[in-house]
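Engineer: Model the following, please.
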Amino acid sequence: MSAPVLVLNSNTTRETGRKAQLGNISASKAVADIIRTCLGPRSMLKMMLDPMGGITITNDGNAILREIDVSHPAAKSMIELSRVQDEEVGDGTTSVIILAGEMLTIAEPWLEKNLHPTIIINAFRKALEDGLVHLEKIAIKIDINNRQEMLKIIKSCIGTKFISRWSSLMCNLALDAVLIVSSDNDRKNIDIKRFVRVEKIPGGEIEESSIIPGVILNKDVTHASMRRRIENPRIILLDCPLEYKKGESQTNVEIKNENDWNVLLRLEEDAIKKMCDDIIKFKPDLVITEKGLSDLAQHFFVKNNITALRRMRKTDSNRIARATGAKIVNRTDEIQESDVGTGCGLYEVRKIGDDYFSFITNCKNPKACTILLRGASKDVLNEIDRNLNDAMSVARNVVIEPKLVPGGGASEMSVSNHLVEKSKAIEGIMQWPYRAAALGLEVIPRTIAQNCGAKTVRTLTELRAKHAAAPIENSSWGIDGLKGNLCDMKELNIWEPFSVKSQTIKTSIEAACLLLRVDDILSGMKKNENVSGAGNEAANEGGEDFEP
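Structural biologist: Numbers count the residues shown, from 1 in each chain. So this is what the prediction gives:
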């Protein structure tokens, strides 16, 4: 018999078949167990210390997992789920990881019984399709113009967060921000990351936080004589430097006498004066540039009673343009009257703490806003910022798709009960993994019960019986995450956006199916060996790596 042929490099490790599948399941369970206690209103916080010595204290699933450095590919895939969930809908980052981990856990016994992964995957996908259809049935529509209803939804979202103590204030901030940014003509395109800025200023009390229908800039005027308060200012936004343009390459100038030097200086001054004259003829009150502003340009602006700000970030310029109606101009000789922003009602410089801030407020039709957060420390402000982003994401999701499902684990239990009943009609061996997927959805109400100290088995059994007795009428019954007893979510006003819930179930089951399909894991590192020899040295100098 001939000797086996080794195809792979000797440094490569390989896991195949059952070992690879069970390894993926174990890694996924480990990731889910990290944040299992972060679900529900009685959730615990996690404290993480980064290599630079910074501390992060949070119960946000995405914020926790992105700080964790893992090596297992399945664990990396699970962490990616949380990031995608955060980008897509902004909430449900903890639920998606717990649910994906549970789906893989319930698949493990069937793999050990030699059931082919394809059968399990097909059963999971069928359960996903049927579950989403049932979720549509129990969803209710909402009027997004009813402010009180919208506030109740956001309040139930942040009930599990650190800011739940100031829920009334934070709900109003989140809803106002989304309504300011959203356009009446285009409700589907609400970009809160680009047009809602959160300015965190340590000091003061959290109750002092407010929303500014306009823009706040951490900038002071460039010259002491410039005006710090202007009503109804005319604003020009520039993307060019208001200083003499220096050569991009090294430039040598030969000067023979003193007059030539004076001519050179005058040319620089004339170039700056021409740029300033191009601006001054439009009679602006406020000039904002993303580049530098020379002392001579400041002198011309002060003489004409113009206030100037310099070195503005591009994102801030975009917000100012959206709030005031100004257009960003790249050259001063191309400015037109239509480029001047007149939508601002007040420009004012205020001192908060030790810093000066420029406020561009009272805008006529602001499509950008700034949330001013005050708090005891940076750690507190960072956690409030994360929670507030979740709240704004929920408000945005409801505005885009105004449909709600009951929270507190009620939706998952209702879908689970529906799938268990439906599994009885499925023929063949697919019935069992289908039923297992149905029972896997119970992990959300079970985790909520565990985290609030309730008797898990008894509570879950009672909830299961409640849904089995009247599947549609009792579809809103879930677990009160504060007291641990059963209750109707309609009475507690605990609702979740349909888009968040459907995205959570879809992402978790599809991720579980993806990992179940893996039956071979190859991992290896290229070995860098320093091999002496002129040929290898020449090859390395040429910029290419060669393996000996």
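Engineer: mind checking pLDDT for the nearest residue to Leu65 once chain neighbours are set aside?
Structural biologist: Distances taken as C-beta to C-beta, 6 or more residues apart in numbering place Ile79 nearest to Leu65, at 4.5 Å, with adjacent residues excluded. (C-beta placed from N, C-alpha, C; glycine too.) What the model reports as pLDDT for Ile79 is 89.
Engineer: Share the number of residues neighbouring Ile79, please.
Structural biologist: Residues lying near Ile79 (other C-beta atoms under 10 Å) number 21.
Engineer: Check Ile472 too.
Structural biologist: Ile472 has 12 neighbouring residues, counting by other C-beta under 10 Å.
Engineer: what's it in contact with, if anything?
Structural biologist: By C-beta atoms under 8 Å, 6 or more residues apart in numbering, the contact set of Ile472 is Lys137, Ile138.
Engineer: All further residue positions should be reported with the first residue as 521.
Structural biologist: New numbering, starting at 521: the last item is Ile992.
Engineer: do you know how far it is from Leu624?
Structural biologist: Distance of Ile992 to Leu624, computed by C-beta to C-beta, to the nearest Å: 31 Å.
Engineer: before we move on, the earlier item: list the contacts of the helix or strand hosting the residue nearest to Leu585.
Structural biologist: Using DSSP states H and E, the element containing Ile599 is helix 593-608. With C-beta under 8 Å, 6+ apart as the contact definition, helix 593-608 has outside contacts at 543-545, 547-548, 550-552, 581-582, 585-586, 588, 590, 611-614, 616-617, 620-621, 1023-1024, 1027-1028, 1031, 1034-1035, 1038, 1041, 1043.
Engineer: okay, now Asn825: neighbour count?
Structural biologist: So Asn825, with other C-beta under 10 Å, has 12 neighbours.
Engineer: Quick check: it touching Arg747?
Structural biologist: Yes: contact criterion C-beta atoms under 8 Å: Asn825 and Arg747 qualify, at 6.9 Å.
Engineer: Common neighbours of these two, please.
Structural biologist: Each of Asp805 lies in contact with both Asn825 and Arg747 under the rule C-beta under 8 Å, 6+ apart.
Engineer: Return the subset of the contacts of helix 593-608 lying in strands.
Structural biologist: With strands defined by DSSP state E, the entries of these inside them are Ile1041, Ser1043.
Engineer: Mind giving me the PyMOL command for buried ones among the contacts of helix 593-608?
Structural biologist: Selection of buried members from the contacts of helix 593-608 for PyMOL, criterion 16 or more other C-beta atoms under 10 Å:
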select buried, resi 543+544+545+547+548+551+552+581+582+585+586+590+611+612+613+614+616+617+620+621+1023+1024+1027+1028+1031+1035+1038+1041
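Engineer: what sits against Ser936?
Structural biologist: So Ser936 contacts Ala958, Leu959, Leu961, Glu962, His987 (C-beta under 8 Å, 6+ apart).
Engineer: what ranges of the stretch 571-720 of the chain fall below the confidence cut-off?
Structural biologist: 703-708 (pLDDT under 70).
Engineer: show me where it has helices.
Structural biologist: Taking DSSP state H, counting those that start in this stretch as the test, the helices found in the stretch 571-720 of the chain are 581-585, 593-608, 613-632, 637-658, 667-677, 687-701, 712-715.
Engineer: Of those helices, which is nearest Ser913?
Structural biologist: Between Ser913 and the helices of the stretch 571-720 of the chain, the shortest gap by C-beta to C-beta is with helix 712-715, which sits at 7.2 Å.
Engineer: how about that closest one: buried residues?
Structural biologist: Ile712, Phe715.
Engineer: what distance separates it from the centre of its chain?
Structural biologist: Taking C-alpha atoms, centre = their mean, to the nearest Å, one finds the center of helix 712-715 at 10 Å from the center of the full chain.
Engineer: so what does that helix touch, helix or strand wise?
Structural biologist: Packing partners of helix 712-715 (3 or more C-beta pairs under 8 Å, 6 or more residues apart in numbering; DSSP states H and E): helix 687-701, helix 834-844, helix 898-920.
Engineer: Nearest to Thr890 among the contacts of Ser936?
Structural biologist: For these, the nearest to Thr890 is Leu961 (40.4 Å; C-beta to C-beta).
Engineer: Do I have it right that the closest one meets Val935?
Structural biologist: Yes: look at Leu961 against Val935 with C-beta under 8 Å: they come within range, at 5.7 Å.
Engineer: Now do the shared contacts for these two.
Structural biologist: Joint contacts of Leu961 and Val935 (C-beta under 8 Å, 6+ apart) are Gly651, Ile1025.
Engineer: Does Val807 belong to a helix, a strand or coil?
Structural biologist: Recorded secondary structure, Val807: strand (DSSP: H, G, I helix; E, B strand; the rest coil).
Engineer: Name the nearest residue to it, sequence neighbours excluded.
Structural biologist: With sequence-adjacent residues excluded and distances taken as C-beta to C-beta, 6+ apart, Val807 is closest to Ala828, at 4.6 Å.
Engineer: quick check, the one you found in a strand?
Structural biologist: Yes: under three-state DSSP, Ala828 falls within a strand.
Engineer: follow-up on the earlier one: to the chain's geometric centre, what's the distance from the helix holding Ile599?
Structural biologist: Averaging C-alpha positions (C-alpha atoms, centre = their mean) puts helix 593-608 12 Å from its chain's average.
Engineer: what angle do it and helix 613-632 make?
Structural biologist: Relative orientation of helix 593-608 versus helix 613-632 (axes from the mean of the first three to the mean of the last three C-alpha atoms, to 10 degrees): 140 degrees.
Engineer: List the buried residues in helix 593-608.
Structural biologist: Pro593, Ala594, Ala595, Ser597, Met598, Ile599, Leu601, Ser602, Gln605, Asp606, Glu608.
Engineer: May I have it as PDB, with CA atoms only?
Structural biologist: Taking Å, rounded to 0.1, in the frame of the first residue of the first chain, the C-alpha atoms of helix 593-608 are listed here in PDB:
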ATOM      1  CA  PRO A 593     -13.400  31.800  13.500                       C
ATOM      2  CA  ALA A 594     -16.900  30.900  14.600                       C
ATOM      3  CA  ALA A 595     -16.700  33.300  17.600                       C
ATOM      4  CA  LYS A 596     -15.600  36.000  15.200                       C
ATOM      5  CA  SER A 597     -18.600  35.300  13.000                       C
ATOM      6  CA  MET A 598     -20.900  35.600  16.100                       C
ATOM      7  CA  ILE A 599     -19.400  38.900  17.000                       C
ATOM      8  CA  GLU A 600     -20.000  40.100  13.400                       C
ATOM      9  CA  LEU A 601     -23.700  39.300  13.900                       C
ATOM     10  CA  SER A 602     -23.900  41.900  16.700                       C
ATOM     11  CA  ARG A 603     -22.200  44.500  14.600                       C
ATOM     12  CA  VAL A 604     -24.500  43.900  11.600                       C
ATOM     13  CA  GLN A 605     -27.600  44.100  13.800                       C
ATOM     14  CA  ASP A 606     -26.400  47.400  15.200                       C
ATOM     15  CA  GLU A 607     -25.800  48.800  11.800                       C
ATOM     16  CA  GLU A 608     -29.100  47.600  10.300                       C
END
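Engineer: can you redo the contacts of Ser936 as JSON lines with pLDDT and distance to Ala974?
Structural biologist: Output for the contacts of Ser936, formatted as JSON lines (pLDDT from 0 to 100; distance: C-beta to C-beta, whole Å):
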{"residue": "Ala958", "pLDDT": "91", "distance to Ala974": "22"}
{"residue": "Leu959", "pLDDT": "91", "distance to Ala974": "19"}
{"residue": "Leu961", "pLDDT": "91", "distance to Ala974": "19"}
{"residue": "Glu962", "pLDDT": "91", "distance to Ala974": "14"}
{"residue": "His987", "pLDDT": "89", "distance to Ala974": "17"}
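Engineer: In helices, which of these fall?
Structural biologist: Here DSSP state H is the test, and the contacts of Ser936 give Ala958, Leu959, His987 as lying in helices.
Engineer: Buried ones among those?
Structural biologist: Buried among the ones in helices among the contacts of Ser936 by 16+ other C-beta under 10 Å: Ala958, His987.
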